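Peer 1: Quick check, what structure comes out for this input:
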Amino acid sequence: MTTTTLAVLVPLLPFLGAAAGLLLGRTAPGFVRPLAVLPPLTALVLAVLVAVRQGGERPVDAATELTPTGSVPVELALHIDGFAALVAVLVALVATCVQIYSTGYLRDDPRYPSYAALVSLFTSAMLLVVYSGDLMVLLVGWEIMGICSYFLVGHYWETPEARAASLKAFLVTKLGDVPFLIGLFALASDAGSFRITKILGTVASGGLDHPTLVALLLLAGVAGKSAQFPLHTWLPDAMAGPTPVSALIHAATMVAAGVYFIARLLPVFAASSAALVVLAVMAAVTMAGSALAALAQDDIKRVLAYSTIGQLGYMTGALAVGDRGAAVFHLLTHGAFKALLFLAAGVIIHAAGTNSLAAMSRMGNLRDRVPDAYWTMTVALLALAAIPPFSGFFSKESVLGAAEHVITGHAEDVPGAAGWIVLVAGLVSALLTAAYATRLWLLAFRGRGAEAPDHGRQPIAMTSVLWVLAVPSLALGGFAYGRLPDWFDGHDLTPTLTTSVLGTGVALVGGIVTYGAWRQTTALAAHVPLGAVAAHPEGDAGLVEAEAITTHTPAYGDAATAPDPADPGRLLLGPLHRHAAVGFHLDALYTALFVRPVQAGATLVRFLDREVVDTYVRGAGAVPRLLGGAVRRAQTGNVQTYMSALLAGTVVLVVAVLLVATGA
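Peer 2: Reported below is the predicted structural model:
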């Protein structure tokens, strides 16, 4: 079987599994779980075979024209280079783990068949994006992921949070997709083709007429899909969906698609220095802002959501300094440890039997209750904090090293300002990342919140997946960084001494300071019994804030579920905590700038339609009705009345004629 045939089967198998799952979900429920697990598992095996055959050598290209378009042709094309081959393996691996995990996590969910089918369709769409060599075909997968995320985030549609989150995710990403689509058309117009290879050839020959405009239009779609500032606000709210869906979206699909798209078309963005600077600024704001917000969240899934936003900022920062190898390297390692973090958080939530214990301040005595989650999440958090020798260290240092190369003049085509912006923001974010990772570990496993009821040992389908993902979270970076340059355009990914010392140093400082703050708050909180804060919430504004609303956690009115006041994040952030907890009020700002004006405009249109337009319509019908009523009253059926009216009319006519004749 040829490599092209294998590559076609990789996205096709999950698609067929999704179709079969939807058809047989009600009539043959016994087939649902095999149809959920086997197609992505087979796709994983085939993706590995494709990667082995591709081997980081010349790209595999194949194309066939779908139908004559009359202008720019649209082709069903494959373009598989080292980037595509490895990212496809990541997507298939995470999707398989999520499907296996979901068989235990959602085993009693009545909507599991549709859920499993949508996850398979989601996986197929992302694989189509990864392997596609034509931008129109890529756009199909891009948009299918958008609609799948809408349904999956809104899986628990009975809750208002899930309904609002799914709608918000759909609308915000579509807001970015409009300029993205315009940018695709402009790019194809300049290149005369939607084929990625032809577009890159046009860029190399200087054939783009407006590179800055095209790059910024495309960047809008990437910001929406990959949750980058200012279109990132949908991702934290998307935590209302099932936890395995969060793992899939954050680790290998949806948000990874935007980063992968820029990596695929990086020469288009590199053709404009202004676009690279804009990308660097966007990455810097995203990294620092999301890390501060993560340090203030109480819900464990929202902490991880803001963490994803920040790590994607590292990837876009690497792209801003022209190193797509570092960006995709971090995409691979991040996919492993972020999937592990979310699935381990799902084990914690599942062990409690309720989503309410996703609030870390209410967690207590979980280390012994969920040992699998404890050990594997510890590995993943160390990788997230970029502590050597865990995988995140190597990939994050490759990003910082790429920024250093720009500053030292080793990348002539990249503005030096972009290098400084990415390096400074990356170091600040490394400090904050270690801080919120340490805080999460302390509150989740060493907190003094109320102990949840014990629901027994977790299903083996869930815990086994954690250990599978722990292996790449621990070893992928060290194993791969020396071998990946052959797959990634020959770019050196070896950590440099300067950035390694700086990055690791600030990470250790962040972790140690957070631990010290936790010890201090714990000592103070030891004199405050659990539930005392609940009895007098207004008595300590530093302990009770608006995050209870933003994280959808229960009110602090019950001592049994009262929060642990020993939260180092409050001490570290001080007055900034209140603002960071609500995402620096960006949702409120967008509501004031966009939502309310649109609602006001809709209200005005409704008034004009009902009170003005409908008035004319009703009037047009009322006048003939009144005339008809008047004529109807004249038809009494009385002959004497008719004769009297006839005589009266005759007399009036005679008089009128006489008057006219006399006047003449």
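
Peer 1: Phi first, then psi, for Ile80.
Peer 2: The phi and psi torsions at Ile80 (degrees, to the nearest 10) take the values phi -120, psi 100.

Peer 1: contacting residues for it?
Peer 2: Contact partners of Ile80, counting by CB atoms under 8 Å, 6 or more residues apart in numbering, are Thr3, Ala7, Val50, Gln54, Pro59, Val60, Asp61, Ala88, Tyr131. C-betas here are computed from N, CA, C, even on glycine.

Peer 1: quick one: which of the residues you listed is nearest Val468?
Peer 2: Ala88 (17.9 Å; CB to CB).

Peer 1: Work out for me the element the closest one sits within.
Peer 2: Element membership of Ala88, judged by DSSP states H and E, is helix 82-105.

Peer 1: just checking, what packs against that helix?
Peer 2: With contacts defined as 3 or more CB pairs under 8 Å, 6 or more residues apart in numbering; DSSP states H and E, helix 82-105 has these neighbours: helix 3-24, helix 32-54, helix 112-131, helix 243-251, helix 255-264, helix 324-352, helix 460-480.

Peer 1: and the angle from the second one to helix 82-105?
Peer 2: Helix 32-54 and helix 82-105 are oriented at 160 degrees to each other (axes from the mean of the first three to the mean of the last three CA atoms, to 10 degrees).

Peer 1: export the helices and strands packed on helix 82-105 to a markdown table and tack on distance to Gln297, mean neighbour count and mean pLDDT?
Peer 2: Formatted as a markdown table, the helices and strands packed on helix 82-105 follow (distance: least, CB to CB, whole Å; neighbours: other CB atoms under 10 Å; pLDDT from 0 to 100):
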| stretch | distance to Gln297 | mean neighbour count | mean pLDDT |
| --- | --- | --- | --- |
| helix 3-24 | 33 | 20 | 93 |
| helix 32-54 | 31 | 21 | 94 |
| helix 112-131 | 26 | 26 | 96 |
| helix 243-251 | 14 | 29 | 93 |
| helix 255-264 | 18 | 26 | 95 |
| helix 324-352 | 12 | 27 | 91 |
| helix 460-480 | 22 | 20 | 91 |
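
Peer 1: Let me have the ones you listed in JSON lines, extended by distance to Glu75.
Peer 2: Conversion of these to JSON lines gives the following (distance: least, CB to CB, whole Å):
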{"stretch": "helix 3-24", "distance to Glu75": "14"}
{"stretch": "helix 32-54", "distance to Glu75": "20"}
{"stretch": "helix 112-131", "distance to Glu75": "13"}
{"stretch": "helix 243-251", "distance to Glu75": "29"}
{"stretch": "helix 255-264", "distance to Glu75": "16"}
{"stretch": "helix 324-352", "distance to Glu75": "24"}
{"stretch": "helix 460-480", "distance to Glu75": "33"}
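
Peer 1: Okay, the residue nearest to Ala351 when sequence neighbours are not counted and Gly104: tell me how far apart.
Peer 2: By the measure of CB to CB, 6 or more residues apart in numbering, the closest residue to Ala351 outside its immediate chain neighbours is Val370, 5.1 Å from it. Distance check for Val370 against Gly104: by CB to CB, to the nearest Å, it reads 14 Å.

Peer 1: who's more crowded, the two?
Peer 2: Neighbours around Val370 and Gly104, counted as other CB atoms under 10 Å, are more numerous at Val370. The numbers are 23 against 19.

Peer 1: still on that earlier bit, common neighbours of Val370 and Gly104, please.
Peer 2: For the pair Val370 and Gly104, residues contacting each of them under the criterion CB under 8 Å, 6+ apart are Gln458.

Peer 1: that older thread, show the contacting residues for the residue nearest to Ala351.
Peer 2: Contact analysis of Val370 by CB under 8 Å, 6+ apart lists Val347, Ile348, Ala351, Gln458.

Peer 1: how much space between it and Thr433?
Peer 2: When distances are taken as CB to CB, Val370 and Thr433 turn out to be 24 Å apart.

Peer 1: circling back: may I have the helix holding Ala88 exported as CSV, CA atoms only?
Peer 2: Once side chains and other backbone atoms are set aside, the C-alpha atoms of helix 82-105 remain, and they are given as CSV (Å, rounded to 0.1, in the frame of the first residue of the first chain):
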residue,chain,number,x,y,z
GLY,A,82,7.9,16.2,8.6
PHE,A,83,5.7,18.7,10.4
ALA,A,84,2.5,17.2,9.1
ALA,A,85,3.6,13.6,9.7
LEU,A,86,4.4,14.2,13.4
VAL,A,87,1.4,16.4,14.1
ALA,A,88,-0.9,13.8,12.6
VAL,A,89,0.6,11.2,15.0
LEU,A,90,-0.1,13.5,17.9
VAL,A,91,-3.7,14.1,16.9
ALA,A,92,-4.4,10.4,16.4
LEU,A,93,-2.7,9.6,19.7
VAL,A,94,-4.6,12.1,21.8
ALA,A,95,-7.9,11.3,20.0
THR,A,96,-7.5,7.6,20.8
CYS,A,97,-6.7,8.3,24.4
VAL,A,98,-9.7,10.6,24.7
GLN,A,99,-12.0,8.0,23.2
ILE,A,100,-10.7,5.2,25.5
TYR,A,101,-10.9,7.5,28.5
SER,A,102,-14.5,8.6,27.6
THR,A,103,-15.7,5.0,27.7
GLY,A,104,-15.2,5.2,31.4
TYR,A,105,-15.9,8.9,32.0
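
Peer 1: Mind picking the two most distant members of the contacts of Val370?
Peer 2: Distance extremes for those: the farthest pair is Ile348 and Gln458 at 9.5 Å, using CB to CB.

Peer 1: quick one: low-confidence parts of the stretch 551-664 of the chain?
Peer 2: 551-565, 664 (pLDDT under 70).

Peer 1: any chance you could map the strands in it?
Peer 2: Ranges of strands within the stretch 551-664 of the chain: none, based on DSSP state E, counting those that start in this stretch.

Peer 1: In PDB, list the C-alpha atoms belonging to stretch 245-261.
Peer 2: Below are the C-alpha coordinates for stretch 245-261, written out as PDB (Å, rounded to 0.1, in the frame of the first residue of the first chain):
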ATOM      1  CA  VAL A 245     -13.500  17.200  25.100                       C
ATOM      2  CA  SER A 246     -11.400  19.900  26.800                       C
ATOM      3  CA  ALA A 247      -8.400  17.600  26.500                       C
ATOM      4  CA  LEU A 248      -9.000  17.000  22.800                       C
ATOM      5  CA  ILE A 249      -9.600  20.700  22.000                       C
ATOM      6  CA  HIS A 250      -6.600  22.000  24.000                       C
ATOM      7  CA  ALA A 251      -4.100  19.300  23.100                       C
ATOM      8  CA  ALA A 252      -4.400  18.200  19.500                       C
ATOM      9  CA  THR A 253      -7.300  19.900  17.600                       C
ATOM     10  CA  MET A 254      -9.100  23.200  17.300                       C
ATOM     11  CA  VAL A 255      -6.600  25.500  19.100                       C
ATOM     12  CA  ALA A 256      -3.600  23.700  17.600                       C
ATOM     13  CA  ALA A 257      -5.000  24.300  14.100                       C
ATOM     14  CA  GLY A 258      -4.200  28.000  14.000                       C
ATOM     15  CA  VAL A 259      -0.600  27.500  15.100                       C
ATOM     16  CA  TYR A 260      -0.200  24.700  12.600                       C
ATOM     17  CA  PHE A 261      -1.600  26.900   9.800                       C
END
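
Peer 1: Give me the distance from that stretch to the chain's centre.
Peer 2: Remark: stretch 245-261 is offset 7 Å from the chain centroid, using CA atoms, centre = their mean, to the nearest Å.

Peer 1: How about stretch 288-305?
Peer 2: On the basis of CA atoms, centre = their mean, stretch 288-305 sits 15 Å off its chain's mean C-alpha point.

Peer 1: Quick one: end-to-end length of that stretch, please.
Peer 2: For stretch 288-305, the separation between the terminal residues is 14 Å (CA to CA, to the nearest Å).

Peer 1: same deal with stretch 589-602?
Peer 2: Its first and final residues considered, stretch 589-602 spans 19 Å by CA to CA.
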